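K.L.:
Here is my input, please return the structure:
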Amino acid sequence: MFFDFSLLQPLGWRHFFFRQLTLEQLERYTPARVVNLERNAVRADTGGGSFPVTLCSRLLFPDDPIARPTVGDWLLVEPGTNRAVERLERSSLIHRLRPGESSDSQAIAANVDRLLVVAALTREFNLHRIERYLVIAAQAGVTPLVVLSKADLCPDPAAVAGEVSRRLRGAGDVVALDLLRDSARDALGAWLDAGTTLALVGSSGVGKSTLLNNLAGIRRQATGATREDDDKGRHTTSSRSLHRLPGELCLIDVPGLREVGLPPVAGGVARRFAHIEALAPECRFADCTHQGEPGCAVRAAVQAGGLTADELDHYLRLQAEEAANTRRREQRSRQQDKAFGKMVRATLRAKRERQGR
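P.N.:
Numbers count the residues shown, from 1 in each chain. Down below sits the predicted model:
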């Protein structure tokens, strides 16, 4: 079977995915990218428009929930039946702790190149919430870009952008925009390379759908107003979806996230706060917690003005949260392994008893 792979390039197809295919897979299946996910309904695209896809049982019920296909994933689809039989290895994955009491991760978007974090310059502006997204981006190995929307409602948007930029410390960029008047494509042009996939995240009402429409040049998503009493918005995006934009861009629009729990995987906080991690070896004690021990190089940096007290405090809180989530996940994994081993032993014991009769 011959397939024109040039049709996939506007969807973000690249050599990283092509080299995963075997000759048999090239002959039997067609690569398709997941462009919409709502509950168990999956739609994919091969370059000619989206169509419904049926997931095989192995993809629908994987051992690890994080392995289940999400928006942005590449699937191998059987022509004629539209049945997905394989998910290709991901180049990146944006995920968070699943809301509630779960210790599992929830996949948000796959194979993302840049994370667009949208925050409105209103009373609801929260630097710590932005920093949570930056940890998630660091965990995924994705470059963040912070878009400060509703700049017309802020007396000094440049000052706020400068504050956020200082917290980023070169790990990404910050742009303040009035999305109803400014051209997002002009302002963000340096980050909009052909073939790039961006994921759009933020709270409800911050202007994500307005930003999508601005970049597309046409109305792709409905937009809604925020409540006047608290500046909070309602969900105008109800499902995760991938939109193809002019210039061979892909943008994954994610419904507003109420909770931004850190994924139960170690490393994101350390990568995000690498400048603090670099100071730790200079502390007098190897097990210094940076919370009052003598000879602490991190506290010394705060006193010298190279680090703010708020930045250090948030780092310590995020570090503790990540460690707790990771421990909970590992504990649950051990419990599952123990339960599985118990089941196997019981099955073998019953089999021996039947054979001994």
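K.L.:
what's the span of stretch 42-62 from first residue to last?
P.N.:
Counting by C-alpha to C-alpha, to the nearest Å, the length from the leading to the trailing residue of stretch 42-62 is 16 Å.
K.L.:
Show me the helices in this protein, by range?
P.N.:
For the chain, the helices defined by DSSP state H occupy 15-18, 23-28, 57-60, 127-140, 157-168, 184-187, 208-216, 268-272, 274-277, 297-304, 309-355.
K.L.:
pull the CA atoms of the second one into CSV?
P.N.:
Going back to what we said before, that points to helix 23-28. Listed next in CSV are the C-alpha coordinates belonging to helix 23-28 (Å, rounded to 0.1, in the frame of the first residue of the first chain):
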residue,chain,number,x,y,z
LEU,A,23,8.1,-2.5,6.7
GLU,A,24,5.0,-4.6,7.5
GLN,A,25,3.3,-1.6,9.2
LEU,A,26,4.1,0.6,6.3
GLU,A,27,2.3,-1.9,4.0
ARG,A,28,-0.7,-2.5,6.2
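K.L.:
helices and strands around it, which ones?
P.N.:
Taking 3 or more C-beta pairs under 8 Å, 6 or more residues apart in numbering; DSSP states H and E as contact, there are no helices or strands that helix 23-28 lies on. (Each C-beta comes from the backbone N, C-alpha and C, glycine too.)
K.L.:
Run the chain-centre distance for it.
P.N.:
Average the C-alpha atoms of helix 23-28, do the same for its chain, and the two points are 31 Å apart (C-alpha atoms, centre = their mean, to the nearest Å).
K.L.:
swap in the third one?
P.N.:
Distance, stretch centre to chain centre, for helix 57-60: 22 Å (C-alpha atoms, centre = their mean).
K.L.:
Rebuild the helices of the chain as JSON lines, extending it with mean pLDDT.
P.N.:
Listed next are the helices of the chain as JSON lines, based on pLDDT from 0 to 100:
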{"stretch": "helix 15-18", "mean pLDDT": "95"}
{"stretch": "helix 23-28", "mean pLDDT": "92"}
{"stretch": "helix 57-60", "mean pLDDT": "93"}
{"stretch": "helix 127-140", "mean pLDDT": "95"}
{"stretch": "helix 157-168", "mean pLDDT": "92"}
{"stretch": "helix 184-187", "mean pLDDT": "90"}
{"stretch": "helix 208-216", "mean pLDDT": "90"}
{"stretch": "helix 268-272", "mean pLDDT": "94"}
{"stretch": "helix 274-277", "mean pLDDT": "94"}
{"stretch": "helix 297-304", "mean pLDDT": "95"}
{"stretch": "helix 309-355", "mean pLDDT": "85"}
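K.L.:
quick one, which of those is packed in tightest?
P.N.:
Using mean count of other C-beta atoms under 10 Å, the stretch among the helices of the chain with the largest mean neighbour count is helix 208-216, at a mean of 23.
K.L.:
In PDB, please show the C-alpha coordinates belonging to that helix.
P.N.:
Backbone C-alpha positions of helix 208-216 (Å, rounded to 0.1, in the frame of the first residue of the first chain) are rendered in PDB as follows:
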ATOM      1  CA  LYS A 208      -7.600  30.700  25.200                       C
ATOM      2  CA  SER A 209     -10.400  30.500  22.600                       C
ATOM      3  CA  THR A 210      -9.900  34.200  21.700                       C
ATOM      4  CA  LEU A 211      -6.200  33.500  21.200                       C
ATOM      5  CA  LEU A 212      -7.000  30.500  19.000                       C
ATOM      6  CA  ASN A 213      -9.400  32.500  16.900                       C
ATOM      7  CA  ASN A 214      -6.800  35.300  16.700                       C
ATOM      8  CA  LEU A 215      -4.100  33.000  15.400                       C
ATOM      9  CA  ALA A 216      -6.500  31.300  13.000                       C
END
